[in-house]
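**Q** With the input below, show me the fold.
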Amino acid sequence: MRPALQTAWHTCGGHKLIVLLPGAYMKPDDFRAAGFFAAAARRRGPDIVAVDLDPGLISDGSALSLLDAEVIAPARRQGYAAIWLGGISLGGLLALCYNADAPAGVDGLCLLAPYPGSRLTRNAITRAGGLEAWEPDCKQLDDPEFRMWRWLKRPPAAFPVFVGYGRDDRFADGMQQIAGCFPAASRLVVAGGHDWPVWLDLWENFLDRGYLAA
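**A** Numbers count the residues shown, from 1 in each chain. Below is the predicted model of the structure:
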């Protein structure tokens, strides 16, 4: 039997929840150590659950189905009024992939420096004339990254998204492509690179925008 996903909870006593996915080589408690939980507490923000998606679960394709079965579906049964999904770097990519395959699964996305996926995927889209011109074939749609980019072609106008990244992030070009799929009011670019001070700055901006205010 596969062990349950490891999680770290922070409860503010509210009726809204955000599920946070860490980046590569991060653990759920890294969000606590970086000040994410404390920032939410100061603002009486949403409850938070940070989830550890083991690399083995990601590589075998079971991570997102387990996330749904063990975290998101039980949270729905608990009666949260809104559930958002967010993530940093690889976690942001996985949040987008989850949403592309289960568009009614969560009520919004918080994407902090979302990793834009492999160069092979992005280059294939570029060779096709860019995202607007690209139409995925059946083989491409076997790949969750291509399904993510297909969703990004026309995300629902009413679906709330926050996407932010550091101006000097090494993946900034791809992150800009993701951000460009959403209205200007949904985007934020701050000074800095691919590191925790930038992600905390973006997180505090997300909280201050009141998407998940009590």
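
**Q** List the buried residues of the helix or strand of the chain with the lowest mean pLDDT.
**A** Lowest on mean pLDDT, DSSP states H and E among the helices and strands of the chain sits helix 55-59, with a mean of 85. Going by neighbour count (16 or more other C-beta atoms under 10 Å), the buried part of helix 55-59 is Leu57, Ile58. Where you see a C-beta, it was placed from the backbone N, CA and C, and this is true even at glycine.

**Q** what does stretch 163-173 give?
**A** Val163, Gly164, Tyr165, Gly166, Asp169, Phe171, Ala172.

**Q** quick one: low-confidence parts of this structure?
**A** Residues of the chain meeting the criterion pLDDT under 70: 1-3.

**Q** where's Asp101 relative to Gln176, distance?
**A** Separation of Asp101 from Gln176 (C-beta to C-beta, to the nearest Å) stands at 24 Å.

**Q** should've said Phe162
**A** For Phe162 relative to Gln176 (C-beta to C-beta), the value is 15 Å.

**Q** More neighbours: which of the two?
**A** More crowded of Phe162 and Gln176, by other C-beta atoms under 10 Å: Phe162, with 24 against 16.

**Q** Wasn't the more buried one part of a strand?
**A** Yes - under DSSP: H, G, I helix; E, B strand; the rest coil, Phe162 falls within a strand.

**Q** can you pull the contacts of it?
**A** Counting by C-beta atoms under 8 Å, 6 or more residues apart in numbering, Phe162 touches Gly108, Leu109, Cys110, Leu111, Ser186, Leu188, Phe206, Arg209, Tyr211.
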